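# Just the structure for this:
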Amino acid sequence: MDKILCWLKLKVVLQVEIYPKFVLIIHSFFDQTSHNILKMIKWLVSFNSSLKWRVD
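Below is the predicted model:
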């Protein structure tokens, strides 16, 4: 019986405290990454257009 209670406590702690933090970290990481990728794409596009402009 004690083991079951301990396991339940552990599960609750995992779901309530650890899991949300983990999800938050992953989300912020992906937000950063996608943000950087977007910046890079914008930079590439502007670089390309400036190149074309010079060639013309």
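
# Quick one: list the elements packing against the helix or strand containing Val45.
According to DSSP states H and E, Val45 maps onto helix 19-55. Packed against helix 19-55 by the contact rule (3 or more C-beta pairs under 8 Å, 6 or more residues apart in numbering; DSSP states H and E) you find no helix or strand. To be clear about C-beta, it is placed using only N, CA and C from the backbone, and glycine gets the same treatment.

# From the chain's centroid, how far away is that helix?
12 Å (C-alpha atoms, centre = their mean, to the nearest Å).

# Quick one: mean pLDDT over that helix.
Here the mean pLDDT over helix 19-55 is 87, rounded to a whole number.

# C-alpha coordinates for stretch 39-50, PDB please?
Below are the C-alpha coordinates for stretch 39-50, written out as PDB (Å, rounded to 0.1, in the frame of the first residue of the first chain):
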ATOM      1  CA  LYS A  39      15.800  35.900 -39.200                       C
ATOM      2  CA  MET A  40      18.200  33.900 -41.300                       C
ATOM      3  CA  ILE A  41      15.600  33.500 -44.100                       C
ATOM      4  CA  LYS A  42      14.900  37.200 -44.100                       C
ATOM      5  CA  TRP A  43      18.600  38.000 -44.200                       C
ATOM      6  CA  LEU A  44      19.100  35.600 -47.100                       C
ATOM      7  CA  VAL A  45      16.200  37.100 -49.000                       C
ATOM      8  CA  SER A  46      17.400  40.700 -48.500                       C
ATOM      9  CA  PHE A  47      21.000  39.600 -49.400                       C
ATOM     10  CA  ASN A  48      19.700  37.900 -52.600                       C
ATOM     11  CA  SER A  49      17.600  40.900 -53.600                       C
ATOM     12  CA  SER A  50      20.600  43.200 -53.000                       C
END
